[in-house]
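K.L.:
sequence? don't have it. structure:
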């Protein structure tokens, strides 16, 4: 059975091409692409039926998604959501660590007290116990926390560059959150990061964010042995 995206019929008062692209992108982000059991092949006919449209705009959206790095269109074989090799994932995490580390430094300079208070509220919503109790919900909150740091940097180029990595970082964090009690460690790390940001300690905040992400890197390197190392 090919990959089944959760799509809803769309209204006709949207710009069709952009809306379909957004709907498919969001649905792909919702897939657990690094679960070995996930089928990555997409079915154009099935997607068109779910959306209540013809296959032509679906194909146009898929071409854009291929340019975005979300899918791979293989002639005579089909369309597949991109899953990176282990080596590629590790490189993505290193680049993300560099971007978010610089973002954290900029947050100490650019974020308002209210923005940091909002970030703290996001981080303190979960304790170690509640994070472990609802891994799926905490995983999404964890992703929002890291996105928020990028946004509070107020550096559009950092945000744009991280957008190109987001599909894979989102999927990686979703899978790893339930492994090796990473949820507990994540809660603790986030609070240390918040305190450094609130203290406007650029060096410490940058280092804590980098180390936090590189622990994810080391975990993937040591645990995800089933992935092809390329």
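P.N.:
Noted; the coordinates are in hand. All values reported here derive from a predicted model rather than from experimental measurement.

K.L.:
all strands for the chain, in order.
P.N.:
With DSSP state E as the criterion, the chain has strands at 41-42, 71-74, 78-81.

K.L.:
tell me the mean pLDDT over the first one?
P.N.:
When you say that, I think you mean strand 41-42. Throughout strand 41-42, pLDDT has a mean value of 95.

K.L.:
ditto for stretch 156-167
P.N.:
Average pLDDT, stretch 156-167: 91.

K.L.:
and the helix-or-strand element of the chain with minimal mean pLDDT, what does it pack onto?
P.N.:
Within the chain, no helix or strand scores below helix 128-133, which has a mean of 79 by mean pLDDT, DSSP states H and E. Secondary-structure packing of helix 128-133 (3 or more C-beta pairs under 8 Å, 6 or more residues apart in numbering; DSSP states H and E): helix 135-152, helix 182-198. In short, each C-beta sits where N, CA and C put it, glycine included.

K.L.:
same list (the strands of the chain) but as JSON lines, adding mean neighbour count and distance to residue 196.
P.N.:
Shown next, in JSON lines, are these (neighbours: other C-beta atoms under 10 Å; distance: least, C-beta to C-beta, whole Å):
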{"stretch": "strand 41-42", "mean neighbour count": "18", "distance to residue 196": "42"}
{"stretch": "strand 71-74", "mean neighbour count": "16", "distance to residue 196": "38"}
{"stretch": "strand 78-81", "mean neighbour count": "19", "distance to residue 196": "36"}
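
K.L.:
in a markdown table: those, plus distance to residue 203.
P.N.:
A markdown table is the format used below for those (distance: least, C-beta to C-beta, whole Å):
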| stretch | distance to residue 203 |
| --- | --- |
| strand 41-42 | 45 |
| strand 71-74 | 40 |
| strand 78-81 | 39 |
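
K.L.:
right, I'll leave it there.
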